[in-house]
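>>> below are the sequence and a predicted model; questions follow.
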Amino acid sequence: MSYMSGFTLVVLGFLVFTAIFNIVVGGLEAWWRTYVWRSPESLEITKWPEPISPDESRRHFWWVVAAKDEAANIGKTLQQLLESTHPNYTIVVSLCTDDKSTRVAVARALRGHATWGNRVFVVHKNYDKSSKPKQLNHALQAITARIDAGFGRHLEHWVGVVDAESLVHPGLLQRFESKINQTGADVVLGSVQLVSLGSGMREWFRAHNCLEYYFWFRSRMQLQADKGFVPFPGNTLAIRYSLLVQEDINGWPEDTLTEDCALGVHLTAAYKAVVAVGAEPEFATREMAPSTLFNKRRGAWFFQRDRWNVGFVKELLRGRWLMLPTWQERLRAFYILATPLLQAASAFLVPVSIAAVFFMKAPMPLTLLMFLPFVPLAVIMMAQLIGLRELGREFKLRVSFWHYASVLFMTWAYQILLGVAAVYAV
């Protein structure tokens, strides 16, 4: 009898823990997804200020495009970047010497642009093992050599990053400079949006992936900037050159799969870098969502997510976030970096709540407690459905009945995939 009583207490304790955990994680998830829409002032902060006029510019921007096996995409990206309306910018294309197809594609794209010689230079190198941070740092060395030689000596220099498969708005750099003038920021982050919702059951996950980007860049990024701790995205951002070449920073970390996250953690935790965010749909950088879940050769969603999760968990374990001055800031940073782990735990614990509600006989207070996690889950689901409608309207995407059905009925499957990817990463 005592054994059964002890066992019962353990089960009841586990159920209480499960309910509280799901309530906290679900509540925080609902909180950050709706952060910028809770007041007109919050939404206003995410807007870009009016662009500077060309004769007012006091900064030079270096757009770095690090490309590997991107022959099919890089030409269009370069053409788009060369349409920028900012008066002072240079595009630095960083390639691998043995990546002949991408080098040929770059040469072909630039050959057709009359003024590219004034705007673009290409660097390449043989790497024992190539990686994006190595290519970014090689480009940074080339930029430093030009600045040291006196290039743009009357201007303040900023280094930006654009992915090789991205389409960037021509007026974005003018907004970047206006945002710097407005906020005094050390780092400016633009939004990135996946614009391929998918068609048919085989691509059901693409709508969910697009919504992740939508809420992350429209809401969560601003929340993180407001709180002073931001793991950077790897696309459409600009960093003050003088900060990037600090002796103990010296470019992007090369010992990680997510150099962007690691650099953001370092700069915001150790240097208290001020981060400004702009997230208007018109100026969002557009990309295509992965077209497959598990096919590595075609850029699988699962292994992309695995890489991100590994980077976040590594930064969590590395502990640089502990340099933040207050326990509230450290707790917030822990939550941000532990998000993959929390998603994994929640994906597997919510079914426990569901099973307990429908199949277990428990005291009434515990039964009511097990129901509570469904409140933030309902808020998240409503936000997802409204977000899908807004995503289609703002980016002029065709949203069909099947996309809504996928969000309504397949969200749980997507959460399970996120959980599995997080467990795999750990």
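Happy to help now that I have it. It should be emphasised that the depicted structure is a prediction, and the values quoted were computed from it without experimental measurement.

>>> remind me which residues of this protein are low pLDDT?
Along the chain, the parts satisfying pLDDT under 70 run over 1-12, 113-117, 350, 352-364, 366-367, 370.

>>> mind checking the SS state of Trp321?
When classified by DSSP: H, G, I helix; E, B strand; the rest coil, Trp321 comes out as helix.

>>> residues in contact with it?
For Trp321, the contact set (CB atoms under 8 Å, 6 or more residues apart in numbering) comprises 229, 265, 269, 315, 330, 333-334, 337. (Each C-beta comes from the backbone N, C-alpha and C, glycine too.)

>>> equivalent analysis for Arg240, please.
By CB under 8 Å, 6+ apart, the residues touching Arg240 are 156-158, 186-187.

>>> got the phi/psi numbers for Val159?
Here the main-chain torsion angles of Val159 (degrees, to the nearest 10) amount to phi -110, psi 120.

>>> picking that back up, by neighbour count, which of the contacts of Arg240 wins?
Greatest neighbour count in the contacts of Arg240, by other CB atoms under 10 Å, goes to Trp158: 27 neighbours.

>>> bridged to that residue, which residues?
Under DSSP bridges, the beta-bridge partners of Trp158 are Phe61, Arg240.

>>> correct me, but it touches Ser242?
No - judged on CB atoms under 8 Å, Trp158 makes no contact with Ser242 at a distance of 9.5 Å.

>>> wait, is His124 part of a strand?
Yes - assessed with three-state DSSP, His124 lies in a strand.

>>> from what I can see it touches Lys100, true?
No - taking contacts as CB under 8 Å, His124 lies outside contact range of Lys100: 10.3 Å.

>>> look at the two and report which has more neighbours.
Shown here are His124 and Lys100; by other CB under 10 Å, His124 has more neighbours (18 against 11).

>>> just read off the phi/psi values of the nearest residue to that one once chain neighbours are set aside.
Closest residue in space to His124, ignoring its immediate chain neighbours: Leu95 at 4.1 Å, by CB to CB, 6 or more residues apart in numbering. With angles defined as degrees, to the nearest 10, Leu95 sits at phi -120, psi 170.

>>> heads up, I number from 37, so please use that
Yep, numbering from 37; the last one is Leu131 now.

>>> tell me how far Leu131 lies from Asp105.
Distance, Leu131 to Asp105, using CB to CB, to the nearest Å: 10 Å.

>>> cool, Ser75 as well?
Separation of Ser75 from Asp105 (CB to CB) stands at 44 Å.

>>> please apply the same query to Asn124.
Per CB to CB, Asn124 is found 31 Å from Asp105.

>>> higher neighbour count, the two?
Asn124 (19 against 14).

>>> let's see stretch 350-358 as CSV, backbone CA atoms only.
Taking C-alpha atoms only, stretch 350-358 is exported to CSV below (Å, rounded to 0.1, in the frame of the first residue of the first chain):
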residue,chain,number,x,y,z
LYS,A,350,26.8,25.3,-27.9
GLU,A,351,26.5,28.9,-27.0
LEU,A,352,24.3,28.0,-24.0
LEU,A,353,27.0,25.6,-22.8
ARG,A,354,29.9,28.0,-23.6
GLY,A,355,28.4,30.4,-21.0
ARG,A,356,29.3,33.8,-22.4
TRP,A,357,25.7,34.9,-21.7
LEU,A,358,26.7,34.7,-18.0
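
>>> and that stretch, which residues are buried?
By neighbour count with 16 or more other CB atoms under 10 Å, stretch 350-358 contains the buried residues 350-352, 354, 356-357.

>>> do the same with stretch 56-69
Neighbour-count burial for stretch 56-69 flags 57-59, 61-63, 65-66, 68-69 (criterion: 16+ other CB under 10 Å).

>>> distance to Glu323 and secondary structure added to these, as CSV?
CSV is the format used below for those (distance: CB to CB, whole Å; DSSP: H, G, I helix; E, B strand; the rest coil):
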residue, distance to Glu323, secondary structure
Phe57, 34, helix
Asn58, 32, helix
Ile59, 34, helix
Val61, 28, helix
Gly62, 29, helix
Gly63, 30, helix
Glu65, 24, helix
Ala66, 26, helix
Trp68, 22, helix
Arg69, 21, helix
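
>>> farthest pair within these?
Phe57 and Arg69 (18.5 Å; CB to CB).

>>> the protein: strands as residue ranges?
With DSSP state E as the criterion, the chain has strands at 95-102, 125-132, 156-161, 192-197, 223-226, 228-230, 273-276, 311-314, 321-323.

>>> so which of these is the most surrounded?
Highest mean neighbour count of the strands of the chain: strand 223-226, a mean of 27 (counted as mean count of other CB atoms under 10 Å).
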